[in-house]
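> A predicted structure for the sequence below; I have some questions about it.
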Amino acid sequence: MTAADPTYGWITLTTDYGLSDGFVAACHGVIARLAPAVRVLDVTHLVPPGDIRRGSAVLAQAVPHMPPAVHVAVVDPGVGTARRGVALEAGPSVLVGPDNGLLPAAADVLGGIRRCVALGSVALGSVAPADLSWLPGPVSSTFHGRDIFAPVAAAIATGLDLAGIGPVAGPDTLVRLPDPVVVTGDDLIEAEVTMVDHFGNVQLAAPGLALAGLVGPLRVGGVPAVKGETFGDVPPGEFVVYVDSAGRVAVALNGGRAVVALALSEGDIVRITSAGE
Amino acid sequence: MTAADPTYGWITLTTDYGLSDGFVAACHGVIARLAPAVRVLDVTHLVPPGDIRRGSAVLAQAVPHMPPAVHVAVVDPGVGTARRGVALEAGPSVLVGPDNGLLPAAADVLGGIRRCVALGSVALGSVAPADLSWLPGPVSSTFHGRDIFAPVAAAIATGLDLAGIGPVAGPDTLVRLPDPVVVTGDDLIEAEVTMVDHFGNVQLAAPGLALAGLVGPLRVGGVPAVKGETFGDVPPGEFVVYVDSAGRVAVALNGGRAVVALALSEGDIVRITSAGE
Amino acid sequence: MTAADPTYGWITLTTDYGLSDGFVAACHGVIARLAPAVRVLDVTHLVPPGDIRRGSAVLAQAVPHMPPAVHVAVVDPGVGTARRGVALEAGPSVLVGPDNGLLPAAADVLGGIRRCVALGSVALGSVAPADLSWLPGPVSSTFHGRDIFAPVAAAIATGLDLAGIGPVAGPDTLVRLPDPVVVTGDDLIEAEVTMVDHFGNVQLAAPGLALAGLVGPLRVGGVPAVKGETFGDVPPGEFVVYVDSAGRVAVALNGGRAVVALALSEGDIVRITSAGE
């Protein structure tokens, strides 16, 4: 393998670092120095600070569209404490980040965890310490994206096997977020809001198939809506329930922001019924 | 042609997708998978949702500074309805996006449309359907950026001729935005606000040459201003009328935001006169 | 040297251009056209408009993590006036931008200025005019990032020696920002706020070593705080004083925004003492 032929051609970054500081650039810089032939693709850096659930959902919905890659995700309010870092092989890719629930949903989407190793951390607690002395620079207590996760990703992308990173960890030892609420029945969907997008469209945890059983005019939390395929299937100012581009049931307001009109937040439970119910 | 030698070395992206979801990354990922040797340059993803006019203006002012490229633009409130997608050859580049008025201004700047083909859409209406079965994945009803426009751009960048994409469409069949209002006379400019930039500078539709006829102190909508070349040509807190970096007449407030101080919005008409008028 | 082997493999960009216009893309486009083999790394484009101090601090804290590069920085309220442009060799890299205080801190971090040349400007004032006729395009009065700094960076990255750009300028002729206030004593730090990050953490100008002398419980401007290493070293809702990832003394509020809770702004003076003081 040469510099021009890395094991993984891409590293992706998903963080809550924002775009106004130099944090994201420092991660890019570390990768540019350690793995210059690898290209970096930013998923988003605007996960709300510390919002692990949102980070998990964005990452899981992005990875199916990415080339084989080392996906680095850092939403890490426990940085520098006893929480572990982990690296997971899943499908054709590797996920690297804190063991706080951020990564497993993406691993599931990629085909499930094939192998998992623990990365050391500054305060390792009860975790067998990984040897991080091979990392190229000092490790701060508050910026593991730059000091651990990005250099580990660069090392993996340029050929380091996971065995060289840290002790094997059982996939069942990973921290996982609770499953979102989804109840489906005859003429009924009750499901948690998983994501609200830039346009104010409200995505539910329910899979698109759940919508098949609902016919005729609908009600979303008591408000009239129409089952359709896209925004323009209803007149401006009306609600449409559809299967979104991630394959989930979603609610949109043509020409407006459903999230505002329905006064919803991520995590809320939404009930969709046939209008006659 | 090899993977290292694409027909177009660059694809640019201009959208209203925002930066907080994984939408932009999904487009990047699709291109990375289909055209790994092509590089992607983001124009902006912060066009206000559905604001076709703003998207058109940003794109048209960006393309002169780009290398030959396939320019993908998606501000597409009608996604999934009968509106067509199109691909246009213009100058050394190709434009790809919805046929809703977004692309023609950029095509004009690039030298005019040489060839135009229609892309299919999920709901084709009266348009002869293009065969999209060659696209690598399923086509959602709400995310044609990821499912149609990005893969079409990747295909064009790696060598597909427009003839392979869809039926020829007459350039005169394209949806065009109305021309902005521009009236110039002796000692007078009346023109529509085309763009307000990040600094609050107000760009008018009038070409820079229109400013040549105005001499001495000016009035902008009744407010005193000075004709100058740059912000620092007037003291802090005063207005300057100048030819901006896109060659248009513009109004700035040194050290402040002209758009706020003049209470203007995009689309408003501004009147500039010599102070004695 | 070939196109595939530039003198500098990277150009970085730090500006106050924002992300909603095509300004950043125009700079990328100019570089893509002039130096296609060079890759561009965005540090940030969200420096508050005209905030030279913030731009200087972000740049200086980013450059240590970058590969050797031509670093372009543009926070330039005096664009088009008599202020000079400059190019500085510092350590393994080159800095390019306006001579308004933006660049010297980064040059210091990189190892000090080895060589400095002046770039021309539209209005050169008392500066010996550099010949900018070699630049590939016309030079606007308001967008030197696109028309001067980016093409100069592309030229340097692809092999142009600084001697070919403009007359030598003494490093002591550069505009420098005033040093921030830092007073350290037994059980005392008084220092200026240099940066507030995306998470609301408050970085002071004091070096991390200054914290060594402070023992036991602390007070930050009268409020109780604990000396620690990371956010999770204190319970949620409490303040921690720590050495941040840039090696500076900083104050955070676990689970919150210290900058809000302490009602601070960049430039304010913060006093940290042992609690008994």
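Perfect, thanks for sending it.

> low-confidence regions, the stretch 151-277 of chain A specifically.
Residue ranges of the stretch 151-277 of chain A with pLDDT under 70: A:277.

> can you rerun that using 90?
A:163-167, A:185-187, A:213, A:215-216, A:222, A:275-277 (pLDDT under 90).

> would you map the helices across it?
Using DSSP state H, counting those that start in this stretch, the helices of the stretch 151-277 of chain A run over A:258-261.

> pick out the residue of it closest to chain C.
Here the stretch 151-277 of chain A gets closest to chain C at one residue, residue A:151, 10.8 Å apart by Cβ to the nearest Cβ. (Glycine included, C-beta is placed from N, CA and C.)

> for the nearest residue to that residue once chain neighbours are set aside, give me the pLDDT.
Of all residues not flanking residue A:151 in the chain, residue A:135 sits nearest, at 5.2 Å (Cβ to Cβ, 6 or more residues apart in numbering or on different chains). As predicted, residue A:135 sits at a pLDDT of 85.

> phi, psi of residue A:135?
phi -60, psi 150 (degrees, to the nearest 10).

> and if you look at residue A:148?
phi -120, psi -60.

> looking at this, residue A:147 is in a strand?
No. Counting by DSSP: H, G, I helix; E, B strand; the rest coil, residue A:147 is located in no strand; its state is helix.

> roughly how far apart are it and chain C?
Taking Cβ to the nearest Cβ, to the nearest Å as the measure, residue A:147 falls 8 Å from chain C.

> OK, contacts around the residue nearest to residue A:138 when sequence neighbours are not counted?
Closest residue to residue A:138 apart from its sequence neighbours, by Cβ to Cβ, 6+ apart: residue A:147 at 7.1 Å. Counting by Cβ atoms under 8 Å, 6 or more residues apart in numbering or on different chains, residue A:147 touches A:135, A:137-140, C:245.

> list, one by one, the residues from chain A near chain C.
Counting by Cβ under 8 Å from any Cβ of the partner chain, chain A comes close to chain C at A:16-26, A:28-30, A:32-33, A:36, A:49-50, A:77-81, A:122-123, A:140-143, A:146-147.

> buried subset of those, written for PyMOL?
To isolate the buried members of these in PyMOL, using 16 or more other Cβ atoms under 10 Å in any protein chain shown:
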select buried, chain A and resi 16+17+18+19+20+21+22+23+24+25+26+28+29+30+32+33+36+49+50+77+78+79+80+81+122+123+140+141+142+143+146+147
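
> re the thing from before, for the residue nearest to residue A:151, give its distance to chain C.
Residue A:135 is 13 Å from chain C, where distance means Cβ to the nearest Cβ.

> residues in contact with residue A:186?
So residue A:186 contacts residue A:213 (Cβ under 8 Å, 6+ apart).

> separation between it and chain B?
25 Å.

> test my guess that residue A:41 contacts residue A:63.
No. Using Cβ atoms under 8 Å as the test, residue A:41 is too far from residue A:63 to be in contact (11.0 Å).

> nearest to chain C: which residue in the stretch 101-250 of chain A?
Closest contact between the stretch 101-250 of chain A and chain C, by Cβ to the nearest Cβ, is at residue A:143 (3.5 Å).

> same check, this time on the stretch 51-200 of chain A
residue A:80 (3.1 Å).

> gap between the nearest residue to residue A:81 once chain neighbours are set aside and chain B?
In space, and not counting its chain neighbours, residue A:81 is closest to residue C:232: 3.8 Å by Cβ to Cβ, 6+ apart. To chain B, residue C:232 is 26 Å away according to Cβ to the nearest Cβ.

> burial measure for residue C:232, as a count.
21 (other Cβ atoms under 10 Å in any protein chain shown).

> check residue A:153 too.
Using other Cβ under 10 Å, residue A:153 is surrounded by 32 other residues.

> try residue A:276
10.

> residues contacting it?
residue A:216.

> same thing but 10 Å
By Cβ atoms under 10 Å, 6 or more residues apart in numbering or on different chains, residue A:276 lies in contact with A:187, A:215-219.

> for residue A:254, same thing?
Contact analysis of residue A:254 by Cβ under 10 Å, 6+ apart lists A:226, A:228, A:230-240, B:77.

> tell me the buried residues within those.
If you count burial by 16+ other Cβ under 10 Å, the buried members of the contacts of residue A:254 come out as A:226, A:228, A:230-234, A:238-240, B:77.

> now the residue positioned nearest the centre of chain A: how far from residue A:90?
Compute the mean C-alpha point of chain A, and by Cα atoms, centre = their mean the closest residue is residue A:59, 2.3 Å away. To residue A:90, residue A:59 is 11 Å away according to Cβ to Cβ, to the nearest Å.

> swap in residue A:105?
Taking Cβ to Cβ, one finds residue A:105 at 11 Å from residue A:90.

> find residues that contact each of those two.
Common neighbours of residue A:105 and residue A:90 (Cβ under 10 Å, 6+ apart) are residue A:63.

> start to end distance for stretch A:141-155?
Length of stretch A:141-155, first residue to last, Cα to Cα, to the nearest Å: 21 Å.

> anything in contact with each of residue A:59 and residue A:90?
Contacts common to residue A:59 and residue A:90, judged by Cβ under 10 Å, 6+ apart, are A:71, A:103, A:106-107, A:109.

> does residue A:249 touch residue A:189 like I think?
Yes. The criterion here is Cβ atoms under 10 Å, and residue A:249 meets it with residue A:189 at 6.2 Å.

> tell me which element residue A:29 falls in.
Residue A:29 is located in helix A:23-34, with elements delineated by DSSP states H and E.

> now do the contacts for residue A:233.
Going by Cβ under 10 Å, 6+ apart, the list of residues near residue A:233 reads A:226-227, A:240, A:242, A:252, A:254, B:80-81, B:123, B:141.

> that one and residue B:148, how far apart?
18 Å.

> what's the answer for residue A:195, then?
From residue A:195 to residue B:148 the distance is 22 Å (Cβ to Cβ).

> which of the two has more neighbours?
Counting neighbours by other Cβ under 10 Å for residue A:195 and for residue B:148 shows that residue B:148 has the greater number, 27 against 21.
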